[in-house]
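Novice: quick one: sequence and predicted model below, then my questions.
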Amino acid sequence: MWGPAVVLIFALLQAPDYSADGLKALEDGKYAVAAEMFSKAVAADPKDYAAQFHLALANSLLGKDAEAIAGFKIVLELKPGLYEAELNLGMVLIRAKRAGEAVPLLEAAATEQPKEFRPNFFLAEALETTGDFAKAEQAYRAAAELDPKSADAELGLGRAKARQNRLDDAAANYHKAAELDPALKNALLELAGLYEKNDNAAQAIEIYGQFPDNVGAREQMGELLIEAGKPAEAASQLEWAVAKSPTAANRAALATAYQRSNQPEKAAEQLQQAVAMEPQSLELRMRYGRALRDLRKFQPAAAEFLRVTQAKPDSVDAWNELASMLILIENYPAALGALDRIKQLGAETPGHYYLRAIMLDKMKQFKPALESYQKFLAMSNGKFPDEEWKSRQRIRVLEKETGGR
């Protein structure tokens, strides 16, 4: 008579405990197994908020943010105000780029557990992300006080201050964060960048100097030294950067340092190599052409300017430079063609008429030369007295040559 009862009891004892199996899987780091177990537990009892919570937790650990968010919201419907659910939902929302939604949840969690590090820290992160830097500063400070060894909290505090344009105040936090965790030292480069944006080159240079093996830091330091009027010091920084990582950008920067320290040959060499690395860069070609021009290498300079005009036919600067080089190498027909293009672009000035007049004059095309001298005088209005005097002298001669008055 006891047989059926014994069988029933045995069956009950053997019934699977999905939640227990899920918890063990979580402890063992088997998050997919844990999610499967808790899914079965939830299917058996949808109102089991503990199973719902652990299912959402497993999904969050698996990186399934959408499922985790939905799950934690179900938990809060079943158990409003549950601290663990508020905290974890807030954390996942931050990761899902929905920090605005996370703020009220984390505020509630921090209010419930004001002496806990995590709700304060993640509240600070959410506030910083939403741009509320003053409140973020308060929350980071609370987190840092709760865990003075937290480099992340110290760095967050520094960033919140920096976003409020209190860089000198923030600097202490950045440095302390780097002391607490040397892996965060590179965050000082972020601070240096902020000093640059706030026109405090001296502080930025000081920080970049702390990274002697960082190519980017040496490049930035070099560029700041150029702006500070110290091209020789800049060159030494940029020479090292080019040796370690030769790029078109740092070669161009080194060329600037050489130009400003009266080393035009070295500047042209760097620009030549920069152009070879980025042949499509018209800006680099213009710089290289001008460097060649300054070295009085007019023919190769003209070739560079010509390439720019071919790639960008509406570049008045390039046509002006090309025209000047063609005049200097006495290729007057091509130079006149360049001036014609400038006229088509609507950029002709009195100076262009003067140059046109001189070339036509030298080519013995006296009538059009006379007309160009006259147009120059009509437009110059006393702005170029020397050229105007010369033009009047030539006009007298050309009027006799052409028989015109």
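Specialist: Yep, it's here. Numbering: from 1, shown residues only.
Novice: so A255 makes contact with Q273?
Specialist: No - using CB atoms under 8 Å, A255 is not in contact with Q273, being 9.2 Å away. Where C-beta positions appear, they are placed from N, C-alpha and C, glycine not excepted.
Novice: intersection of neighbour lists for the two?
Specialist: Overlap between the contact sets of A255 and Q273, as judged by CB atoms under 8 Å, 6 or more residues apart in numbering, is nil.
Novice: more neighbours: these two, which one.
Specialist: Each of A255 and Q273 has its neighbours counted (other CB atoms under 10 Å); A255 has more, 27 against 17.
Novice: from the chain's centre, how far out does the helix or strand hosting that one sit?
Specialist: Here A255, judged by DSSP states H and E, is contained in helix 248-260. Put simply, helix 248-260 sits 20 Å off its chain's centre (CA atoms, centre = their mean, to the nearest Å).
Novice: list the contacts of that helix.
Specialist: Applying CB under 8 Å, 6+ apart, the contact partners of helix 248-260 are 215, 219, 222-223, 225-226, 231-232, 234-235, 238-239, 241-242, 264, 266-268, 270-271, 273-275, 277-278, 281, 284, 287, 291.
Novice: which strands and helices sit next to the helix or strand harbouring E206?
Specialist: E206 is part of helix 201-208, with elements assigned from DSSP H and E. Here helix 201-208 touches helix 187-197, helix 215-227, going by 3 or more CB pairs under 8 Å, 6 or more residues apart in numbering; DSSP states H and E.
Novice: would you list those helices in CSV and tack on mean neighbour count, mean pLDDT and distance to H54?
Specialist: As requested, these are exported to CSV (neighbours: other CB atoms under 10 Å; pLDDT from 0 to 100; distance: least, CB to CB, whole Å):
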stretch, mean neighbour count, mean pLDDT, distance to H54
helix 187-197, 19, 95, 35
helix 215-227, 21, 95, 45
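Novice: how about the strands in this structure?
Specialist: Assigned by DSSP state E, the chain shows no strands.
Novice: where in it is pLDDT low?
Specialist: Applying pLDDT under 70 to the chain picks out residues 1-15, 404-405.
Novice: max-length helix in it?
Specialist: Within the chain, and with DSSP state H defining each element, the longest helix by residue count is helix 385-402.
Novice: show me what that helix is packed up against.
Specialist: With contacts taken as 3+ CB pairs under 8 Å, 6+ apart, helix 385-402 sits against helix 350-362, helix 366-380.
Novice: count of neighbours near I329?
Specialist: Using other CB under 10 Å, I329 has 13 other residues around it.
Novice: likewise for P350?
Specialist: 18.
Novice: name the stretch among the helices and strands packed on helix 385-402 that sits most buried.
Specialist: helix 350-362 (a mean of 21; mean count of other CB atoms under 10 Å).
Novice: report the inter-axis angle for that helix versus helix 385-402.
Specialist: Relative orientation of helix 350-362 versus helix 385-402 (axes from the mean of the first three to the mean of the last three CA atoms, to 10 degrees): 40 degrees.
Novice: begin at 33 from here
Specialist: Sure thing, new numbering starts at 33, so read that last one as helix 382-394.
Novice: quick one, helix 382-394 and helix 398-412 angle?
Specialist: Using the same axes, to 10 degrees: helix 382-394 against helix 398-412 is 160 degrees.
Novice: helix 382-394 packs against which elements?
Specialist: helix 348-360, helix 364-376, helix 398-412, helix 417-434.
Novice: most packed of the ones you listed?
Specialist: Sort the helices and strands packed on helix 382-394 by mean neighbour count, taking mean count of other CB under 10 Å, and helix 348-360 sits at the top with a mean of 21.
Novice: quick one: list the elements packing against it.
Specialist: Where contact means 3+ CB pairs under 8 Å, 6+ apart, helix 348-360 is packed against helix 314-326, helix 330-343, helix 364-376, helix 382-394.
Novice: same question for the longest one: list its buried residues.
Specialist: Think helix 330-343. Neighbour counts over helix 330-343 (16 or more other CB atoms under 10 Å) mark 330, 332-334, 336-341 as buried.
Novice: which residues in the stretch 83-232 of the chain form helices?
Specialist: For the stretch 83-232 of the chain, the helices defined by DSSP state H, counting those that start in this stretch occupy 97-110, 115-127, 131-144, 149-162, 165-178, 183-194, 199-212, 219-229.
Novice: so how far is Q235 from the residue nearest to the spatial centre of the chain?
Specialist: By CA atoms, centre = their mean, the chain has its centre lying nearest to G225, at 10.3 Å. Relative to Q235, G225 is positioned 11 Å away (CB to CB, to the nearest Å).
Novice: and L87, by the same measure?
Specialist: 51 Å.
Novice: neighbour count winner among the two?
Specialist: L87 (28 against 17).
Novice: since that was my last question, I'll sign off now.
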